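>>> Here's my sequence, what's the structure:
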Amino acid sequence: MRRDPCVLIGICVLFAAPAAMSQSERPAESPSPQMTVPPAQQPPQQRQRTQRPPEQAASQPEAAQGKAAQHPPVAEEKSSVTHHSARIGGQEIKYIATAATYNIKADDGTPKATMFYVAYTKDGVSDMAKRPISFVYNGGPGSASLFTHMGMGPKRVVLTPDGHGMPAPYTVVDNEDSFLDTTDLVFIDAISTGFSRPAPGEAPSQFHGIIADANWFADFIYQYITRNERWASPKFLIGESYGTTRSAELAGVLQERHQIYLSGIALLSSVAFSNWGADNRSEFFLPTYTTTAWYHHLLPSDLQNLTVEQVAQQAREFAHGEYAAALEKGDALSAAEHQKVVADVARFTALTPKYIEETNLRINPSRWFKELERDKRRTIGRLDSRFEGMDADAAGERVEYDPSEASYEGAFVATFHDYVRRELKWDSDAYYTVTANVRPWDQTGNTEVAEVLRAAMTQQSYLKVLVLCGYYDVATPFNGIENTFAHMNIEPPVRKNVSFAYYEAGHMMYIDEKEHHKLHRDVDEFINTGYTR
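A predicted model of the protein is given here:
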């Protein structure tokens, strides 16, 4: 998740309202008839199994004139294959890197887009059916995959131990915590991001929406596993931030459109893809406010002396107990109850009672970044609240920038550009779009994304989900996705397939030296237990 306006304004908190953007920003057109819409997102009268539509004939005017459809020339597919080795998971691994593009076509054969990817496949594997493959991407929407690429791929950016960026010259080293020891990895740029582009003459807006985006990713995955003979391999999705919404939607679209069944999905820093109200939003953010105050040593001693796991649990209980009850009562709250909840919110957030009063008990995160350490003239990071920044106007209501993203973004971008050209031999003058303007993002079907995932998990009863949460992630607070899964009505035999893992880091836990070791162990174990050898 990067600086895309969708992200900063609302995608990070889909649970704040039925849609992250207003209805007025939603494209007027509904998904194309050739798009596969999971049953949960179809009108009730249309809820039946959706097959991939057959090849379509030319339009009536063209047929009447006896002419073939005329399309602008599509970009030629390219690929660069190189051979490497790296020390990963305590062993030397030889692997093949393929940087390439695929032309993705509509169901009638019309070229629609070119998608760029980099695939890492372990060399010398005799039985590919037993070798898992994972499709990996960032979120945004509008973010290219270079961040997961340079954090989870076989090479990683050198940062400080806690994830701060360092000045140039930047360096990369073998990523001892890449998942390549357990699974092949395919990093994909969404259409309009990275090197992926709409085909000539195609409107970018048709790719920018929850359902459309998942359909094009599904078609890419279908094409990849077909061309590379990976249909028999265990298949996993690893998405970060909005990429978790994409993964949840993809679970249904892959099943309905191509009958592709997944072995597992890792949701990294997950959006809470549910239709929550404004007060739910206040409740879900509070535990992250608490863990952040704990990290900065701002809490009362009895809370400060707890572990981060313990203080997070106390904050959860308060947020969904006394605090939720107070918000529900609204103006019916008695003076005594009001006074007590103000004091307790202040205790859990390290904000002043006066400020809590002024906010009517509801703390806006965009103002909280500025308020928590205002007396120190410091701001708090959004992607990682361990990071501190400085603004010219210490009295302002909004931060000038996200100090966490600003710290390491330059290192990630520079090393990727150097690495993809120098080591992967990708020769292209095309512009690599780190953060694309994909607004307006069509939110059609967003309130049913959780149901799409539940349906896929229920029908594919072996499908496992691992939810990876950072205690200091204010972009996608951990308590939001916890509550999503708590309200998905998953039956017990399927519910056991859901597991959570927590990290003392932020949105990109792989930037932290200690936590990327843990992430590696957790994901490797998840993949290794997610299929039968």
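
>>> element containing residue 36?
Element membership for residue 36, per DSSP states H and E: none, as it lies in no helix or strand.

>>> Could you list the buried residues of stretch 408-419?
Of the residues in stretch 408-419, those buried by neighbour count under the rule 16 or more other Cβ atoms under 10 Å are 408-409, 411-413, 415-416, 419. C-beta here means a position set from N, CA and C on the backbone, and glycine is covered the same way.

>>> who touches it?
Contacting residues not belonging to stretch 408-419 are listed as 2, 146-147, 149-151, 155, 157-159, 163-166, 168, 170-172, 432, 434, 511 [Cβ atoms under 8 Å, 6 or more residues apart in numbering].

>>> now the residues you listed: which count as buried?
2, 146-147, 149-151, 155, 157, 159, 163-165, 170, 172, 432, 434, 511.

>>> So which of those residues are in helices?
146-147, 149-151 (DSSP state H).

>>> From those, pick the one nearest residue 445.
Within these, distances to residue 445 taken as Cβ to Cβ reach their minimum at residue 147, with 26.1 Å.

>>> List the residues that contact the closest one.
Residues in contact with residue 147 (Cβ under 8 Å, 6+ apart) are 2, 138, 240, 412, 508.

>>> what packs against the helix or strand where residue 339 lies?
In the assignment (DSSP H and E), residue 339 maps to helix 335-349. The contact analysis (3 or more Cβ pairs under 8 Å, 6 or more residues apart in numbering; DSSP states H and E) places helix 335-349 against helix 278-295, helix 308-318, helix 324-329, helix 353-358.

>>> The longest one vs helix 335-349, what angle?
Orientation of helix 278-295 against helix 335-349 (axes from the mean of the first three to the mean of the last three Cα atoms, to 10 degrees) gives an angle of 50 degrees.

>>> Surely residue 112 and residue 104 touch.
Yes - counting by Cβ atoms under 8 Å, residue 112 touches residue 104, with 5.6 Å between them.

>>> just to revisit the earlier point, out of the ones in helices among the buried ones among the contacts of stretch 408-419, what pair is the most spread apart?
Distance extremes for those: the farthest pair is 146 and 151 at 9.2 Å, using Cβ to Cβ.

>>> Just the residues contacting the host helix or strand of residue 514, thanks.
Taking DSSP H and E as the criterion, residue 514 maps to helix 513-528. When contacts are defined by Cβ under 8 Å, 6+ apart, helix 513-528 is touched by residues 89, 132, 134, 151, 156, 161-163, 176-179, 181-183, 234, 236, 238, 263-264, 266, 464, 466, 468, 499, 501, 503-505, 509-510.

>>> Give me the average confidence score over it.
If you average the pLDDT over helix 513-528, you get 97.

>>> do stretch 151-159 as well
Averaging pLDDT along stretch 151-159 yields 97.

>>> Convert that stretch to PDB, retaining C-alpha atoms only.
As requested, C-alpha coordinates have been extracted for stretch 151-159 and formatted as PDB (Å, rounded to 0.1, in the frame of the first residue of the first chain):
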ATOM      1  CA  GLY A 151      10.900  -7.800   0.700                       C
ATOM      2  CA  MET A 152       9.900 -11.400   0.100                       C
ATOM      3  CA  GLY A 153      11.800 -12.300  -3.100                       C
ATOM      4  CA  PRO A 154      15.300 -13.900  -3.200                       C
ATOM      5  CA  LYS A 155      16.900 -10.500  -2.800                       C
ATOM      6  CA  ARG A 156      16.000  -7.900  -0.200                       C
ATOM      7  CA  VAL A 157      16.900  -4.300   0.400                       C
ATOM      8  CA  VAL A 158      19.400  -3.600   3.200                       C
ATOM      9  CA  LEU A 159      17.700  -1.500   5.900                       C
END
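
>>> got the contact list for residue 362?
Under the criterion of Cβ under 8 Å, 6+ apart, the contact partners of residue 362 comprise 278-279, 282, 327.

>>> Is it correct that it falls within a helix?
No - when DSSP: H, G, I helix; E, B strand; the rest coil is applied, residue 362 is found to be coil, with no helix at that position.

>>> Return the set of buried residues in the lengthiest strand in the chain.
Using DSSP state E, we find that the single longest strand of the chain is strand 91-105. When neighbours are counted by 16+ other Cβ under 10 Å, the buried residues of strand 91-105 are found to be 93, 95, 97-102, 104.

>>> can I get those residues in CSV with pLDDT and distance to residue 295?
Conversion of those to CSV gives the following (pLDDT from 0 to 100; distance: Cβ to Cβ, whole Å):
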residue, pLDDT, distance to residue 295
93, 97, 35
95, 98, 37
97, 98, 37
98, 98, 41
99, 98, 38
100, 98, 42
101, 98, 42
102, 97, 43
104, 96, 43
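
>>> Nearest to residue 246 among those?
The shortest distance between residue 246 and any of those, using Cβ to Cβ, involves residue 104 and amounts to 15.4 Å.

>>> which strand residues sit across from that closest one in the sheet?
For residue 104, the beta-bridge assignment (DSSP bridges) gives partners residue 113.

>>> Would you confirm that it contacts residue 218?
No - under the criterion of Cβ under 8 Å, residue 104 is not in contact with residue 218, lying 10.1 Å apart.

>>> about what we covered before: just the helices and strands packed on helix 335-349: most buried one?
With neighbours taken as mean count of other Cβ atoms under 10 Å, those reach their highest mean count in helix 278-295, at a mean of 23.

>>> mind checking how far that one is from the chain centre?
Here helix 278-295 shows a centroid-to-chain-centroid distance of 20 Å under the convention Cα atoms, centre = their mean, to the nearest Å.

>>> Would you mind finding the longest helix in this protein?
With secondary structure taken from DSSP H, the chain has its longest helix at helix 403-422.

>>> After it, which helix or strand is next?
The element immediately downstream of helix 403-422 (helix or strand, assigned by DSSP H and E) is helix 449-459.

>>> Quick one: work out the angle between the next helix or strand after that following helix and helix 278-295.
Following the chain from helix 449-459 toward its C-terminal end, the next helix or strand by DSSP H and E is strand 464-470. For strand 464-470 against helix 278-295, the angle between stretch directions is 60 degrees (the same axes, to 10 degrees).

>>> what packs against strand 464-470?
strand 264-270, helix 478-486, strand 498-503, helix 513-528.

>>> right, so the ones you listed: which one is the most enclosed?
Of all the helices and strands packed on strand 464-470, strand 264-270 carries the top mean neighbour count, a mean of 28, counting by mean count of other Cβ under 10 Å.

>>> can I get the CA coordinates of it in CSV?
In CSV, the C-alpha atoms belonging to strand 264-270 read as follows (Å, rounded to 0.1, in the frame of the first residue of the first chain):
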residue,chain,number,x,y,z
GLY,A,264,-4.1,-21.5,0.8
ILE,A,265,-4.3,-17.7,1.1
ALA,A,266,-1.9,-15.5,3.2
LEU,A,267,-3.5,-12.1,4.0
LEU,A,268,-0.7,-9.8,4.9
SER,A,269,-1.8,-6.6,6.7
SER,A,270,-5.4,-7.2,5.7
